[in-house]
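Asks: Quick one: sequence plus predicted model below, questions after.
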Amino acid sequence: MTDIVVIGAGPAGRFAAMKASEEHNNVTLIEKKHIGGKCLNQACMVVCALNDISKHLNDASNLEELGIINQKPEFSYSNATNLVKETQKKIRKIITHETVNTGVEYVYGEAVVDAENKKVIVNDDDYHYDKLLICTGSSPDIPDIEGVENAYTYKDILKFDEVPEKLVIIGGGSTAAEYAGIFSSMGSQVDILCRSRFLKMIDDDEIEDYIVRNLLKNTIIHENVTITKITDTSVVTNFGEIEGTVILATGVKANSQIVEDIVDTDVKGNIIVNEHMKTSNQDIYAAGDVIGGILSTPVSRMEGMVAISNIMGKEVEADYSLIPMTVTLNYDVSYLLGSNVNNNGTNITMPGAAGPGAFWNTLNGKTGLTKENIDTKTGKINNIISIAPSSNIALAHTVKAIKDGNTANDYDNFIEIHPNTDGIFKLTEYYKRYL
(Lines give C-alpha, C1' and ligand atoms only; values in the text may rest on other atoms or scores of the structure.)
Protein backbone atom coordinates (compact mmCIF):
# COMPACT_ATOMS: atom_id res chain seq x y z
CA MET A 1 0.00 0.00 0.00
CA THR A 2 1.32 3.43 -1.01
CA ASP A 3 0.77 6.60 1.00
CA ILE A 4 -0.45 9.18 -1.49
CA VAL A 5 -1.29 12.79 -0.68
CA VAL A 6 -3.22 14.85 -3.23
CA ILE A 7 -3.43 18.63 -2.78
CA GLY A 8 -6.41 20.20 -4.57
CA ALA A 9 -9.89 18.68 -4.88
CA GLY A 10 -10.78 19.93 -8.34
CA PRO A 11 -11.30 17.54 -11.27
CA ALA A 12 -7.61 16.59 -11.54
CA GLY A 13 -7.06 15.88 -7.87
CA ARG A 14 -10.42 14.43 -6.89
CA PHE A 15 -10.68 11.83 -9.63
CA ALA A 16 -7.04 10.85 -9.12
CA ALA A 17 -7.57 10.43 -5.38
CA MET A 18 -10.65 8.25 -5.88
CA LYS A 19 -8.85 6.09 -8.45
CA ALA A 20 -5.88 5.53 -6.14
CA SER A 21 -8.09 4.73 -3.16
CA GLU A 22 -10.16 2.25 -5.17
CA GLU A 23 -6.91 0.47 -5.98
CA HIS A 24 -6.18 0.02 -2.26
CA ASN A 25 -3.77 2.86 -1.60
CA ASN A 26 -3.81 5.07 1.49
CA VAL A 27 -5.00 8.40 0.04
CA THR A 28 -5.37 11.82 1.66
CA LEU A 29 -7.05 14.57 -0.35
CA ILE A 30 -6.47 18.12 0.91
CA GLU A 31 -8.55 21.13 -0.12
CA LYS A 32 -8.32 24.63 1.37
CA LYS A 33 -11.67 25.99 0.19
CA HIS A 34 -14.30 24.04 -1.78
CA ILE A 35 -14.36 20.58 -3.28
CA GLY A 36 -14.98 20.65 -7.02
CA GLY A 37 -12.33 23.27 -7.77
CA LYS A 38 -12.62 26.39 -9.90
CA CYS A 39 -14.91 24.73 -12.46
CA LEU A 40 -17.80 24.06 -10.07
CA ASN A 41 -17.39 26.98 -7.73
CA GLN A 42 -16.28 29.95 -9.83
CA ALA A 43 -16.00 29.33 -13.55
CA CYS A 44 -17.39 26.65 -15.89
CA MET A 45 -20.54 25.70 -13.98
CA VAL A 46 -21.35 29.34 -13.30
CA VAL A 47 -21.09 30.04 -17.03
CA CYS A 48 -23.28 27.00 -17.81
CA ALA A 49 -25.91 28.04 -15.26
CA LEU A 50 -26.14 31.63 -16.47
CA ASN A 51 -25.96 30.57 -20.12
CA ASP A 52 -29.02 28.37 -19.62
CA ILE A 53 -30.89 31.50 -18.53
CA SER A 54 -29.56 33.60 -21.41
CA LYS A 55 -30.64 30.89 -23.90
CA HIS A 56 -34.14 30.98 -22.45
CA LEU A 57 -34.25 34.77 -22.78
CA ASN A 58 -33.00 34.57 -26.38
CA ASP A 59 -35.60 31.93 -27.26
CA ALA A 60 -38.36 33.97 -25.66
CA SER A 61 -37.29 37.07 -27.59
CA ASN A 62 -37.27 35.14 -30.87
CA LEU A 63 -40.67 33.58 -30.22
CA GLU A 64 -42.11 36.99 -29.40
CA GLU A 65 -40.78 38.43 -32.66
CA LEU A 66 -42.40 35.52 -34.52
CA GLY A 67 -45.72 36.24 -32.84
CA ILE A 68 -45.86 32.90 -31.03
CA ILE A 69 -45.79 34.38 -27.52
CA ASN A 70 -46.83 37.90 -26.54
CA GLN A 71 -44.62 38.74 -23.58
CA LYS A 72 -41.03 38.57 -22.42
CA PRO A 73 -40.18 36.76 -19.18
CA GLU A 74 -39.24 38.84 -16.16
CA PHE A 75 -35.76 38.14 -14.92
CA SER A 76 -34.05 38.51 -11.52
CA TYR A 77 -30.26 38.26 -11.56
CA SER A 78 -30.02 38.23 -7.76
CA ASN A 79 -32.47 35.32 -7.51
CA ALA A 80 -30.50 33.48 -10.18
CA THR A 81 -27.17 33.92 -8.40
CA ASN A 82 -28.64 32.86 -5.05
CA LEU A 83 -29.97 29.67 -6.63
CA VAL A 84 -26.64 29.02 -8.37
CA LYS A 85 -24.94 29.17 -4.97
CA GLU A 86 -27.57 26.86 -3.46
CA THR A 87 -27.05 24.38 -6.30
CA GLN A 88 -23.28 24.52 -5.86
CA LYS A 89 -23.65 23.64 -2.17
CA LYS A 90 -25.82 20.66 -3.07
CA ILE A 91 -23.33 19.43 -5.67
CA ARG A 92 -20.44 19.85 -3.22
CA LYS A 93 -22.29 17.72 -0.69
CA ILE A 94 -22.92 15.01 -3.29
CA ILE A 95 -19.36 14.83 -4.60
CA THR A 96 -17.91 14.94 -1.08
CA HIS A 97 -19.94 11.85 -0.26
CA GLU A 98 -18.89 10.25 -3.55
CA THR A 99 -15.22 10.95 -2.80
CA VAL A 100 -15.02 9.75 0.81
CA ASN A 101 -17.15 6.73 -0.08
CA THR A 102 -14.18 5.38 -2.06
CA GLY A 103 -12.05 5.45 1.10
CA VAL A 104 -10.32 8.79 0.53
CA GLU A 105 -9.48 10.76 3.67
CA TYR A 106 -10.73 14.27 2.90
CA VAL A 107 -8.97 17.04 4.83
CA TYR A 108 -10.04 20.69 4.81
CA GLY A 109 -7.32 23.29 5.29
CA GLU A 110 -4.28 24.98 3.81
CA ALA A 111 -1.36 22.67 3.10
CA VAL A 112 2.36 23.21 3.63
CA VAL A 113 4.73 20.82 1.87
CA ASP A 114 7.82 19.54 3.72
CA ALA A 115 9.55 17.71 0.89
CA GLU A 116 12.67 16.91 2.92
CA ASN A 117 10.65 14.85 5.37
CA LYS A 118 8.05 13.79 2.77
CA LYS A 119 5.05 15.11 4.61
CA VAL A 120 2.29 17.69 4.19
CA ILE A 121 1.25 19.78 7.19
CA VAL A 122 -2.41 20.85 7.53
CA ASN A 123 -3.87 22.42 10.66
CA ASP A 124 -0.78 21.27 12.64
CA ASP A 125 -1.34 17.67 11.56
CA ASP A 126 1.25 15.76 9.52
CA TYR A 127 0.37 13.57 6.53
CA HIS A 128 3.22 11.39 5.30
CA TYR A 129 3.49 10.62 1.62
CA ASP A 130 5.39 8.23 -0.57
CA LYS A 131 4.11 10.19 -3.56
CA LEU A 132 2.60 13.67 -3.69
CA LEU A 133 0.26 14.97 -6.40
CA ILE A 134 -0.16 18.75 -6.77
CA CYS A 135 -3.49 19.82 -8.33
CA THR A 136 -3.86 23.32 -6.94
CA GLY A 137 -5.34 24.85 -10.09
CA SER A 138 -5.12 28.48 -11.13
CA SER A 139 -6.30 31.99 -10.29
CA PRO A 140 -7.12 35.07 -12.40
CA ASP A 141 -4.09 36.58 -14.07
CA ILE A 142 -4.25 40.27 -13.19
CA PRO A 143 -2.56 42.51 -15.79
CA ASP A 144 -0.33 45.41 -14.81
CA ILE A 145 -2.72 48.25 -15.63
CA GLU A 146 -3.31 51.41 -13.62
CA GLY A 147 -6.54 51.06 -11.65
CA VAL A 148 -6.86 47.31 -12.27
CA GLU A 149 -8.21 46.92 -8.73
CA ASN A 150 -11.45 48.50 -10.04
CA ALA A 151 -12.11 45.52 -12.31
CA TYR A 152 -13.94 42.31 -11.54
CA THR A 153 -12.90 38.74 -12.47
CA TYR A 154 -14.73 35.44 -12.90
CA LYS A 155 -14.59 35.07 -9.11
CA ASP A 156 -16.98 38.03 -8.78
CA ILE A 157 -19.73 37.16 -11.28
CA LEU A 158 -22.09 35.82 -8.61
CA LYS A 159 -21.54 38.92 -6.45
CA PHE A 160 -23.35 41.30 -8.82
CA ASP A 161 -26.69 42.53 -7.47
CA GLU A 162 -28.04 43.14 -10.95
CA VAL A 163 -27.08 42.98 -14.61
CA PRO A 164 -24.80 45.90 -15.52
CA GLU A 165 -26.31 48.34 -17.98
CA LYS A 166 -22.93 48.65 -19.70
CA LEU A 167 -20.20 46.04 -19.52
CA VAL A 168 -16.58 46.26 -20.67
CA ILE A 169 -14.78 42.92 -20.94
CA ILE A 170 -10.99 42.95 -21.21
CA GLY A 171 -9.77 39.85 -23.05
CA GLY A 172 -10.38 38.10 -26.36
CA GLY A 173 -10.70 34.42 -25.52
CA SER A 174 -13.54 32.04 -24.71
CA THR A 175 -14.22 33.54 -21.27
CA ALA A 176 -14.68 37.00 -22.77
CA ALA A 177 -17.04 35.63 -25.41
CA GLU A 178 -19.05 33.63 -22.87
CA TYR A 179 -19.60 36.56 -20.52
CA ALA A 180 -20.51 38.76 -23.49
CA GLY A 181 -23.04 36.17 -24.65
CA ILE A 182 -24.60 35.87 -21.20
CA PHE A 183 -24.82 39.52 -20.20
CA SER A 184 -25.78 40.87 -23.62
CA SER A 185 -28.71 38.44 -23.66
CA MET A 186 -29.67 39.71 -20.21
CA GLY A 187 -29.71 43.31 -21.41
CA SER A 188 -26.17 44.68 -21.10
CA GLN A 189 -24.49 46.73 -23.80
CA VAL A 190 -21.11 44.99 -24.10
CA ASP A 191 -17.71 46.10 -25.39
CA ILE A 192 -14.96 43.47 -25.70
CA LEU A 193 -11.41 44.83 -25.69
CA CYS A 194 -8.88 42.45 -27.25
CA ARG A 195 -5.13 42.95 -27.01
CA SER A 196 -4.79 41.23 -30.39
CA ARG A 197 -7.45 39.20 -32.19
CA PHE A 198 -10.83 38.02 -30.92
CA LEU A 199 -11.05 34.21 -30.48
CA LYS A 200 -7.64 33.68 -32.07
CA MET A 201 -7.49 30.11 -30.72
CA ILE A 202 -10.21 29.16 -33.24
CA ASP A 203 -8.32 30.87 -36.07
CA ASP A 204 -11.17 30.93 -38.58
CA ASP A 205 -12.54 34.20 -39.98
CA GLU A 206 -15.84 32.69 -41.12
CA ILE A 207 -16.54 31.16 -37.71
CA GLU A 208 -15.58 34.35 -35.88
CA ASP A 209 -17.84 36.38 -38.17
CA TYR A 210 -20.77 34.01 -37.54
CA ILE A 211 -20.28 34.28 -33.77
CA VAL A 212 -20.14 38.07 -33.80
CA ARG A 213 -23.13 38.50 -36.14
CA ASN A 214 -25.43 35.80 -34.74
CA LEU A 215 -24.46 34.80 -31.20
CA LEU A 216 -23.42 38.05 -29.51
CA LYS A 217 -26.24 40.58 -29.13
CA ASN A 218 -25.53 44.24 -28.41
CA THR A 219 -21.78 43.57 -28.47
CA ILE A 220 -18.94 45.52 -30.07
CA ILE A 221 -15.56 43.84 -30.59
CA HIS A 222 -12.45 46.01 -30.45
CA GLU A 223 -9.20 44.35 -31.58
CA ASN A 224 -5.55 45.41 -31.13
CA VAL A 225 -6.43 47.56 -28.13
CA THR A 226 -3.97 49.15 -25.72
CA ILE A 227 -5.42 49.87 -22.27
CA THR A 228 -3.87 52.65 -20.21
CA LYS A 229 -6.19 52.90 -17.22
CA ILE A 230 -9.21 51.33 -15.54
CA THR A 231 -11.56 53.39 -13.39
CA ASP A 232 -14.54 52.23 -11.37
CA THR A 233 -16.82 53.17 -14.28
CA SER A 234 -14.72 52.95 -17.46
CA VAL A 235 -11.65 51.82 -19.37
CA VAL A 236 -9.25 54.29 -20.99
CA THR A 237 -7.80 52.96 -24.26
CA ASN A 238 -5.66 54.10 -27.16
CA PHE A 239 -8.85 55.04 -29.06
CA GLY A 240 -10.80 56.67 -26.24
CA GLU A 241 -12.69 55.98 -23.01
CA ILE A 242 -15.39 53.32 -22.80
CA GLU A 243 -17.88 53.43 -19.95
CA GLY A 244 -19.15 50.40 -18.09
CA THR A 245 -18.58 47.84 -15.36
CA VAL A 246 -15.22 46.20 -16.08
CA ILE A 247 -14.56 42.45 -16.10
CA LEU A 248 -11.11 40.95 -16.64
CA ALA A 249 -10.99 37.88 -18.85
CA THR A 250 -7.22 38.00 -19.26
CA GLY A 251 -6.37 34.39 -18.54
CA VAL A 252 -5.12 32.59 -15.45
CA LYS A 253 -1.90 31.92 -13.58
CA ALA A 254 -0.85 28.71 -11.86
CA ASN A 255 -1.29 28.33 -8.10
CA SER A 256 2.18 26.83 -7.81
CA GLN A 257 3.45 28.81 -4.82
CA ILE A 258 3.04 25.80 -2.54
CA VAL A 259 5.98 24.02 -4.24
CA GLU A 260 7.75 26.85 -6.08
CA ASP A 261 11.00 26.24 -4.13
CA ILE A 262 10.69 22.45 -4.36
CA VAL A 263 10.07 21.69 -8.04
CA ASP A 264 10.99 23.41 -11.31
CA THR A 265 8.57 25.96 -12.76
CA ASP A 266 8.63 27.96 -15.98
CA VAL A 267 8.74 31.74 -16.32
CA LYS A 268 4.95 31.94 -15.93
CA GLY A 269 4.97 29.87 -12.75
CA ASN A 270 3.57 26.69 -14.31
CA ILE A 271 4.94 23.51 -12.76
CA ILE A 272 7.11 21.69 -15.30
CA VAL A 273 6.21 18.02 -15.75
CA ASN A 274 7.20 15.26 -18.16
CA GLU A 275 4.83 13.07 -20.20
CA HIS A 276 4.07 11.07 -17.03
CA MET A 277 3.16 14.23 -15.04
CA LYS A 278 6.30 13.85 -12.91
CA THR A 279 8.05 17.00 -11.71
CA SER A 280 11.77 17.57 -11.13
CA ASN A 281 11.28 15.91 -7.73
CA GLN A 282 10.92 12.15 -8.26
CA ASP A 283 8.26 11.85 -5.55
CA ILE A 284 6.10 14.77 -6.66
CA TYR A 285 3.67 14.86 -9.60
CA ALA A 286 1.39 17.65 -10.83
CA ALA A 287 -1.71 17.91 -13.03
CA GLY A 288 -4.40 20.35 -14.15
CA ASP A 289 -4.23 24.13 -14.49
CA VAL A 290 -1.15 24.31 -12.26
CA ILE A 291 0.98 22.89 -15.10
CA GLY A 292 -0.41 25.26 -17.75
CA GLY A 293 -1.06 23.93 -21.25
CA ILE A 294 -4.62 23.35 -22.46
CA LEU A 295 -6.90 24.62 -19.72
CA SER A 296 -10.01 22.46 -19.70
CA THR A 297 -11.79 20.45 -17.01
CA PRO A 298 -11.67 17.18 -19.03
CA VAL A 299 -7.97 17.77 -19.81
CA SER A 300 -7.28 18.36 -16.11
CA ARG A 301 -9.11 15.16 -15.24
CA MET A 302 -7.13 13.26 -17.88
CA GLU A 303 -3.85 14.64 -16.55
CA GLY A 304 -4.81 13.69 -13.00
CA MET A 305 -5.59 10.13 -14.08
CA VAL A 306 -2.29 9.93 -16.00
CA ALA A 307 -0.40 11.15 -12.94
CA ILE A 308 -2.03 8.73 -10.53
CA SER A 309 -1.57 5.81 -12.93
CA ASN A 310 2.16 6.52 -13.06
CA ILE A 311 2.30 6.97 -9.29
CA MET A 312 0.84 3.46 -9.04
CA GLY A 313 3.54 2.07 -11.31
CA LYS A 314 1.81 2.07 -14.68
CA GLU A 315 3.48 3.56 -17.76
CA VAL A 316 0.89 6.03 -19.08
CA GLU A 317 1.39 9.20 -21.10
CA ALA A 318 -0.92 12.17 -21.53
CA ASP A 319 -2.54 12.33 -24.98
CA TYR A 320 -2.86 15.85 -26.35
CA SER A 321 -3.27 14.83 -29.99
CA LEU A 322 -6.96 15.79 -30.29
CA ILE A 323 -8.70 17.86 -27.63
CA PRO A 324 -12.33 18.95 -28.13
CA MET A 325 -13.05 22.44 -26.77
CA THR A 326 -16.21 24.56 -26.57
CA VAL A 327 -17.14 28.20 -26.21
CA THR A 328 -20.48 28.13 -24.36
CA LEU A 329 -22.84 30.53 -26.14
CA ASN A 330 -26.47 30.42 -27.31
CA TYR A 331 -25.20 27.66 -29.59
CA ASP A 332 -22.09 25.78 -28.50
CA VAL A 333 -19.05 26.67 -30.60
CA SER A 334 -16.91 23.53 -30.58
CA TYR A 335 -13.45 23.18 -32.05
CA LEU A 336 -10.29 21.09 -31.84
CA LEU A 337 -6.86 21.69 -30.38
CA GLY A 338 -3.91 19.33 -30.37
CA SER A 339 -0.85 18.11 -32.18
CA ASN A 340 -2.84 16.17 -34.80
CA VAL A 341 -5.09 19.08 -35.80
CA ASN A 342 -4.37 20.66 -39.19
CA ASN A 343 -6.04 22.15 -42.26
CA ASN A 344 -3.97 20.39 -44.91
CA GLY A 345 -6.93 18.76 -46.62
CA THR A 346 -10.15 19.96 -48.22
CA ASN A 347 -12.53 22.23 -46.31
CA ILE A 348 -16.20 21.27 -46.36
CA THR A 349 -18.82 23.63 -44.94
CA MET A 350 -22.42 22.87 -44.09
CA PRO A 351 -25.07 25.19 -42.66
CA GLY A 352 -26.84 23.99 -39.54
CA ALA A 353 -30.03 21.99 -39.78
CA ALA A 354 -33.36 22.53 -38.04
CA GLY A 355 -33.83 20.48 -34.91
CA PRO A 356 -33.85 20.77 -31.12
CA GLY A 357 -32.64 24.22 -30.12
CA ALA A 358 -32.49 25.48 -33.71
CA PHE A 359 -35.91 24.94 -35.31
CA TRP A 360 -37.29 28.38 -34.50
CA ASN A 361 -34.19 30.05 -35.90
CA THR A 362 -34.69 28.50 -39.34
CA LEU A 363 -36.69 31.49 -40.59
CA ASN A 364 -33.91 33.94 -39.70
CA GLY A 365 -31.16 31.66 -40.99
CA LYS A 366 -29.41 31.35 -37.64
CA THR A 367 -29.23 27.56 -37.40
CA GLY A 368 -25.47 27.23 -37.05
CA LEU A 369 -22.50 26.24 -39.16
CA THR A 370 -20.09 23.30 -39.30
CA LYS A 371 -16.75 23.08 -41.10
CA GLU A 372 -14.67 19.97 -41.59
CA ASN A 373 -11.20 19.53 -43.09
CA ILE A 374 -10.67 16.11 -44.67
CA ASP A 375 -7.80 14.42 -46.51
CA THR A 376 -9.69 13.34 -49.64
CA LYS A 377 -7.16 10.60 -50.41
CA THR A 378 -7.43 8.78 -47.09
CA GLY A 379 -10.69 10.07 -45.64
CA LYS A 380 -8.82 11.16 -42.52
CA ILE A 381 -10.56 13.97 -40.64
CA ASN A 382 -8.02 16.71 -39.89
CA ASN A 383 -10.14 19.33 -38.20
CA ILE A 384 -13.72 20.21 -37.24
CA ILE A 385 -15.34 23.42 -36.06
CA SER A 386 -19.05 23.27 -35.30
CA ILE A 387 -21.62 25.83 -34.20
CA ALA A 388 -24.74 23.93 -33.15
CA PRO A 389 -26.92 23.43 -30.05
CA SER A 390 -25.22 20.13 -29.19
CA SER A 391 -21.91 20.42 -30.99
CA ASN A 392 -19.97 19.83 -27.78
CA ILE A 393 -21.41 16.32 -27.54
CA ALA A 394 -21.09 15.54 -31.25
CA LEU A 395 -17.49 16.71 -31.43
CA ALA A 396 -16.37 14.69 -28.41
CA HIS A 397 -17.76 11.49 -29.95
CA THR A 398 -16.20 12.34 -33.29
CA VAL A 399 -12.79 12.77 -31.64
CA LYS A 400 -13.16 9.34 -30.07
CA ALA A 401 -13.96 7.86 -33.49
CA ILE A 402 -10.91 9.54 -35.05
CA LYS A 403 -8.63 8.30 -32.28
CA ASP A 404 -9.96 4.79 -32.83
CA GLY A 405 -8.79 4.99 -36.44
CA ASN A 406 -12.10 5.74 -38.15
CA THR A 407 -12.18 7.91 -41.27
CA ALA A 408 -15.00 9.73 -43.03
CA ASN A 409 -15.58 6.54 -45.05
CA ASP A 410 -16.58 4.71 -41.88
CA TYR A 411 -19.69 6.81 -41.35
CA ASP A 412 -21.74 4.91 -43.94
CA ASN A 413 -23.23 2.81 -41.16
CA PHE A 414 -23.50 5.68 -38.68
CA ILE A 415 -27.01 6.15 -37.26
CA GLU A 416 -27.43 9.19 -35.06
CA ILE A 417 -30.26 9.88 -32.61
CA HIS A 418 -33.03 11.82 -34.31
CA PRO A 419 -33.92 14.64 -34.25
CA ASN A 420 -30.58 16.41 -33.97
CA THR A 421 -28.89 19.46 -35.45
CA ASP A 422 -25.29 18.42 -35.94
CA GLY A 423 -25.19 16.66 -39.28
CA ILE A 424 -22.00 14.62 -38.84
CA PHE A 425 -23.25 11.99 -41.29
CA LYS A 426 -24.17 14.66 -43.85
CA LEU A 427 -20.71 16.20 -43.67
CA THR A 428 -19.07 12.88 -44.45
CA GLU A 429 -21.39 12.44 -47.40
CA TYR A 430 -20.37 15.90 -48.66
CA TYR A 431 -16.76 14.80 -48.52
CA LYS A 432 -17.34 11.98 -51.01
CA ARG A 433 -18.15 14.54 -53.68
CA TYR A 434 -14.47 15.46 -53.66
CA LEU A 435 -13.24 11.92 -54.36
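Replies: Nice, I can see it.

Asks: ok, and what's touching stretch 254-269?
Replies: Residues outside stretch 254-269 that contact it (CB atoms under 8 Å, 6 or more residues apart in numbering) are 7, 111-113, 115, 134, 136-139, 253, 270-272, 279-281, 284, 286, 289-292. To be clear about C-beta, it is placed using only N, CA and C from the backbone, and glycine gets the same treatment.

Asks: now stretch 279-288
Replies: Counting by CB under 8 Å, 6+ apart, 8, 10-13, 16, 37, 115, 118, 129-137, 259, 262-264, 271-273, 276-278, 300, 303-304, 306-308, 310-311 sit against stretch 279-288.

Asks: from the middle of its chain, how far away would it be?
Replies: How far stretch 279-288 lies from its chain's middle: 24 Å, per CA atoms, centre = their mean, to the nearest Å.

Asks: buried stuff in it?
Replies: Buried residues in stretch 279-288, counting neighbours by 16 or more other CB atoms under 10 Å, are found at 279, 284-288.

Asks: Can you give me the domain assignment for this protein?
Replies: The chain breaks down into these domains under automatic domain parsing: 3-58+88-140+252-311, 148-248, 323-434.

Asks: Tell me which of those domains lies nearest to Asn82.
Replies: domain 148-248 (8.7 Å; CB to CB).

Asks: how much space between Lys400 and Ala408?
Replies: Lys400 sits 15 Å away from Ala408, going by CB to CB, to the nearest Å.

Asks: sorry, that was for Lys90
Replies: Taken as CB to CB, the span from Lys90 to Ala408 is 43 Å.

Asks: So for those two, which sits in the more crowded spot?
Replies: Neighbours per residue, other CB atoms under 10 Å: of Lys90 and Ala408, the larger number sits with Ala408, 25 against 10.

Asks: Model confidence for that one, exactly?
Replies: Per-residue confidence (pLDDT) for Ala408: 81.

Asks: can you pull out the helices in the stretch 251-400 of the chain?
Replies: 297-311, 391-403 (DSSP state H, counting those that start in this stretch).

Asks: hmm, which of the contacts of stretch 279-288 are the buried ones?
Replies: 8, 10-13, 16, 37, 115, 118, 129, 131-137, 259, 262-263, 271, 273, 276-278, 300, 303-304, 306-308, 310-311.

Asks: Which members of those are positioned in strands?
Replies: 131-134 (DSSP state E).

Asks: Name the nearest of these relative to Asn41.
Replies: Ile134 (18.9 Å).

Asks: That closest one bridge partners, please.
Replies: The partner list for Ile134 in beta bridges (DSSP bridges) reads Ile7, Ala286.

Asks: need the contact list for it.
Replies: 7-8, 256, 258-259, 263, 271, 279, 284-287, 290 are the contacts of Ile134 under CB under 8 Å, 6+ apart.

Asks: Just to check, Glu208 is in contact with Ile202?
Replies: Yes - contact criterion CB atoms under 8 Å: Glu208 and Ile202 qualify, at 6.6 Å.

Asks: These two: who's more crowded?
Replies: Ile202 (22 against 18).

Asks: can you give me phi and psi for that one?
Replies: phi -80, psi -40 (degrees, to the nearest 10).

Asks: Grab the nearest non-local neighbour of it.
Replies: Spatial nearest neighbour of Ile202, excluding adjacent residues (CB to CB, 6 or more residues apart in numbering): Tyr335 at 5.3 Å.

Asks: Does that neighbour touch Ile384 like I think?
Replies: Yes - the criterion here is CB under 8 Å, and Tyr335 meets it with Ile384 at 7.4 Å.

Asks: All good on my end, thank you.
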